[in-house]
Structures are given as C-alpha cells and as structure tokens.
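Coordinates for the following, if possible.
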Amino acid sequence: MKVVIAIDSFKGSISSIDGSRAISEGIREVDPDAEIVMLPLADGGEGTVDAVVQATGGQVIEKEVTGPLHNRVQAKYGVTEDGKTAIIEVAQACGLPLVPDYEKNPLKTTTYGVGELILDAIEKGCRHFVIGLGGSATNDAGVGMLQALGVQFLDQNGEEVELGGQALGKIESIESNNIDSRVDDCVFQVACDVNNPLYGENGAAYIFGPQKGATENQVVALDKGLKHFADVVKRDLNMDIYSKPGSGAAGGLGAAFSGFLKGELESGIHLTLDLIKMEEYLEGCDLVITGEGMLDGQTSMGKVPVGVAKIAQKHNVPVVALAGGINQENFQLNELGISGCFSVVQAPMSLKEAMKRDVTYKNLKFTTRQVIQTIRHFVQK
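Predicted structure coming up:
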C-alpha cells in the first residue's frame with residue numbers, strides 16, 4: 001500500500017512536519033510494509049519555507065535583516081537543492097509576531113528586510129523566487145523592500161523618504177534606475193490568496209490595517225497615502241499598481257511585486273504543489289491523507305486539503321482529510337474531491353487541551369490507525 005501524506009499545519013497546535021510523522025506512525029502500526037511519502041505543506045504563509053525545503057531536499061538559510069520596527073532580526077528563507085530557487089515568507093522579515101502588541105503601528109513598520117532577504121538569495125545565485133505573502137505587520141506598499149533593492153522614493157526636497165507607511169504620502173518622485181541590475185534576471189512567483197485592491201474600502205488599509213494596530217484615523221491616513229503613491233507611480237512610471245487583484249495583499253506588497261518586480265500573483269497552495277512536484281508522487285498511490293486544523297468554508301476557498309484533492313482526483317486517488325474540527329454548515333468538501341473527513345478529537349475536552357501539541361500528535365496517530373484499519377478490512381474482504 002502506498003500512502004502520500006500531504007497536510008498543512010494545525011495552526012497553533014502542530015507543524016505539518018510533526019503532524020505527518022504522527023500520521024506515518026499510525027499507518028505503520030497497521031501496515032508495517034506500507035510505502036509512505038511525507039509531503040508537509042503550507043499555502044504560502046507560515047511554514048512554507050520548512051515544508052518546501054523538506055519536500056525538495058533543500059536547505060534553510062539564516063540572515064540578519066532589518067525588522068518591521070527597524071531593528072535587526074534573525075530571519076530565514078529556503079533554497080531548493082539545485083540552488084536556483086529561493087522560498088521567502090515575508091513574515092520572517094516583517095511579520096506581526098515580530099511586533100509587540102503595544103508597538104503595532106503600520107505607519108512605522110517597514111518591509112525593508114524582505115528586500116534584504118531577496119538580495120542575499122541573489123548573492124547566493126538564486127534567480128527564481130517563490131514569495132509567501134501573509135502575516136505582515138506592514139502597510140508601506142512594499143516601498144521598504146524596493147528601497148533595499150535600490151529604488152529611490154524622494155520627497156519634495158529630493159530627499160529619500162523615511163521607512164514605514166507614513167512615508168507614502170510624502171513621495172513626490174521615484175528613481176528606479178538604481179535598482180540592483182540582477183533583479184532584472186529574476187522571476188518572482190508570489191503566493192497570494194486575497195483579491196483586495198491597493199486602496200479604497202476593500203484595500204490594504206481598511207481591510208487589514210486594524211489587525212496591524214492602525215486606529216481609525218491611521219487607516220484613513222494610510223489609505224490616502226496608498227492612493228497618493230499609486231498616483232505617483234502611474235505618473236512617473238506609467239504603471240497601474242492599484243487595480244490588479246491582490247495588489248493590497250500584505251499591506252501592498254502584492255502591488256510592489258506585481259508592478260515593480262513583474263511578479264505573478266498565484267494561488268498559494270497551487271504554487272507550492274507545483275514546486276514540490278506533487279503529481280509525481282501520486283504514481284502508484286493508493287491513498288492520500290491531507291488535513292488542517294479546521295475544515296470549514298475557508299477550506300473550499302483554496303486551502304491545502306482542496307488543493308491536494310484536486311490533483312489526486314486527476315489520478316483517481318481517494319483522499320481522506322483529518323482535522324481538529326469540522327464545520328458541517330455549507331459542507332462541500334466531498335463534492336470537491338475529498339472522499340471522507342474525520343475529526344481527530346476523540347473525547348470531550350477544552351480547545352486549549354485539544355490544541356496541545358502532544359495531544360494532537362496522539363490523536364492524529366490514533367485516527368489514522370482507525371482509517372487504515374478500516375480500509376484494510378474492506379480490501380482484504
């Protein structure tokens with residue numbers, strides 16, 4: 001029996017790598033001779049670097065960069081085994097976890113460190129980039145990242161503007177001739193699963209600003225700055241960075257990548273599955289086990305389990321999904337290619353208890369054993 005394990009992390013509980021190990025142990029208890037392929041996954045957000053490095057046999061690089069509060073932070077990114085592709089989670093350099101609650105302020109936070117990670121990967125020979133947007137503490141439209149790459153954003157006095165979202169409204173001209181020449185040789189594929197424009201009532205500031213610490217007045221100021229910045233870019237560079245779906249992702253980093261760096265904004269899980277060559281592992285496969293912390297309406301909107309199921313469906317491979325919880329309201333996952341969904345929680349317990357890493361590990365292992373035991377029973381009959 002060949003089983004491919006392709007799960008996302010159970011957020012706040014267990015990583016996709018450790019969850020895959022638990023599932024593997026559950027399979028082995030029933031079928032010691034099973035061929036097991038573990039492909040820990042992520043949808044472009046947290047855990048993408050570790051998942052892709054694990055699946056491709058690459059390596060993790062650590063680099064000290066400028067953090068969101070302009071201090072130095074230790075960040076990491078991945079490089080595939082051939083040394084040509086870098087996998088970067090922007091949250092490593094400008095993520096919300098790097099900012100204490102009392103210091104959250106997207107007027108001040110910067111994406112400068114993302115540019116530093118890109119430059120470090122370029123120095124190491126990478127020319128293909130997979131960028132995971134999500135979890136940023138910023139709203140600077142990627143200006144900080146572009147400054148690190150050599151683009152100059154000047155105020156009315158011809159001086160370089162400061163870092164952070166507060167600078168957007170002060171930009172009066174843009175000098176892009178000094179951007180690192182090697183960037184022209186790079187290809188950027190950007191994992192982006194939101195369609196928000198750069199500014200406006202559905203834009204970066206109004207939709208995502210509050211969770212990054214912006215007050216009502218700051219949201220208004222940030223949105224005004226984003227619009228001003230887009231207008232200057234249109235005037236000076238004849239580039240529309242506003243209307244493309246996803247330009248408002250990660251505080252406007254979507255606009256910076258798609259506009260200045262000619263990046264393609266793509267579904268995070270589809271990009272990850274292509275990168276790890278998921279289809280190749282389905283050859284001769286009897287079962288795929290996928291899962292995430294909660295199976296609900298969000299799952300059907302392009303999360304890991306449905307992305308995995310769509311590929312498995314092409315190869316007529318059944319898919320079982322495991323989760324901490326399952327929301328039955330408007331349940332559509334069976335129609336989307338998942339053969340069966342199972343909660344791993346085996347007894348009444350608090351959410352806090354259920355999310356403990358050791359409890360989840362044990363529950364994943366036990367539930368997997370029951371699933372495989374059932375399948376073996378019917379196959380042997």
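
switch to C-alpha atoms for all contacts and neighbour counts from now on
Noted.

any idea how this protein splits into domains?
Segmentation of the chain into domains, based on automatic domain parsing, reads 2-41+289-380, 48-269.

Which among the ones you listed is found nearest to residue 281?
Nearest to residue 281, of all these, is domain 2-41+289-380, at 7.4 Å by Cα to Cα.

looking only at pLDDT, what's the mean for that closest one?
The pLDDT scores in domain 2-41+289-380 average 91.

Tell me where the chain has strands.
Remark: strands assigned in the chain by DSSP state E are 2-7, 35-38, 59-66, 72-79, 85-89, 128-132, 152-154, 173-175, 187-191, 264-266, 287-295, 319-326, 340-343.

Give me whichever of the ones you listed is most buried.
Across the strands of the chain, the average number of neighbours (mean count of other Cα atoms under 10 Å) peaks for strand 85-89, which reaches a mean of 27.

quick one: the helices in the stretch 101-250 of the chain?
For the stretch 101-250 of the chain, the helices defined by DSSP state H, counting those that start in this stretch cover 112-123, 143-148, 204-208, 216-237.

for the chain, longest helix please?
The residue-count maximum for a helix in the chain (DSSP state H) belongs to helix 357-380.

ok so, going back, may I see the strands of the chain arranged in a markdown table, with distance to residue 223 as well?
Converted to a markdown table, those look like this (distance: least, Cα to Cα, whole Å):
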| stretch | distance to residue 223 |
| --- | --- |
| strand 2-7 | 37 |
| strand 35-38 | 44 |
| strand 59-66 | 24 |
| strand 72-79 | 28 |
| strand 85-89 | 25 |
| strand 128-132 | 23 |
| strand 152-154 | 18 |
| strand 173-175 | 19 |
| strand 187-191 | 23 |
| strand 264-266 | 22 |
| strand 287-295 | 33 |
| strand 319-326 | 37 |
| strand 340-343 | 42 |
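
quick one: which of those is nearest residue 198?
Comparing the strands of the chain under Cα to Cα, the one sitting nearest is strand 264-266, at 13.7 Å.

For the closest one, which strands pair with it and how are they oriented?
Here strand 264-266 is paired, per DSSP bridges, with strand 187-191 (parallel).

Just confirm residue 25 contacts residue 365, I think it does.
Yes - Residue 25 is within contact range of residue 365, at 6.2 Å (criterion: Cα atoms under 8 Å).

neighbour-wise, which of those two wins?
A count of neighbours by other Cα atoms under 10 Å puts residue 365 above the other of residue 25 and residue 365, at 23 against 19.

these two touch, right, the more buried one and residue 28?
No - assessed by Cα under 8 Å, residue 365 is found out of contact with residue 28, at 9.8 Å.

before we move on, back to that, between the longest helix of the chain and strand 287-295, what angle do the directions make?
Angle of helix 357-380 versus strand 287-295, following axes from the mean of the first three to the mean of the last three Cα atoms, to 10 degrees, is 140 degrees.

Among the strands of the chain, which comes closest to residue 115?
Closest among the strands of the chain, using Cα to Cα: strand 59-66, at 9.1 Å.

which outside residues touch the closest one?
49-50, 53, 72-81, 93, 112-113, 116-117, 120 (Cα atoms under 8 Å, 6 or more residues apart in numbering).

what sits against the residue lying closest to residue 178 once chain neighbours are set aside?
Nearest residue to residue 178 in three dimensions, chain neighbours excluded: residue 150, at 5.3 Å (Cα to Cα, 6 or more residues apart in numbering). Counting by Cα under 8 Å, 6+ apart, residue 150 touches 176, 178, 179, 180.

so what pLDDT did the first one get?
Think residue 176. pLDDT at residue 176 comes out at 89.

what's it sitting at in phi/psi?
Here is the backbone geometry of residue 176 (degrees, to the nearest 10): phi -100, psi 0.

roughly how far apart are it and residue 163?
17 Å (Cα to Cα, to the nearest Å).

Which of those two has more residues huddled nearby?
With neighbours defined as other Cα under 10 Å, residue 176 and residue 163 compare such that residue 163 has more, 22 against 17.

In the stretch 51-200 of the chain, where is pLDDT below threshold?
In the prediction, the stretch 51-200 of the chain carries no residues with pLDDT under 70.

rerun at 90
Residue ranges of the stretch 51-200 of the chain with pLDDT under 90: 51-57, 134-135, 176-178, 192-195.

Looks like residue 136 contacts residue 248 (just checking).
No - using Cα under 8 Å, residue 136 is not in contact with residue 248; the gap is 11.8 Å.

what about those two, which has more around it?
A count of neighbours by other Cα under 10 Å puts residue 248 above the other of residue 136 and residue 248, at 32 against 28.

Now that one: closest residue in space, sequence neighbours ignored.
residue 198 (3.9 Å).

Can you name the residues that contact that neighbour?
Here residue 198 is in contact with 141, 204, 226-227, 241-243, 246-249, 252, 255 (criterion: Cα under 8 Å, 6+ apart).

likewise residue 158?
residue 173.

Residue 140 versus that one, what's the distance?
19 Å.

same deal with residue 177?
Residue 177 is 21 Å from residue 140, by Cα to Cα.

Residue 341 too?
41 Å.

From residue 363, how far out is residue 356?
Taken as Cα to Cα, the span from residue 356 to residue 363 is 11 Å.

And these two? Which one has more around it.
Each of residue 356 and residue 363 has its neighbours counted (other Cα under 10 Å); residue 363 has more, 24 against 13.
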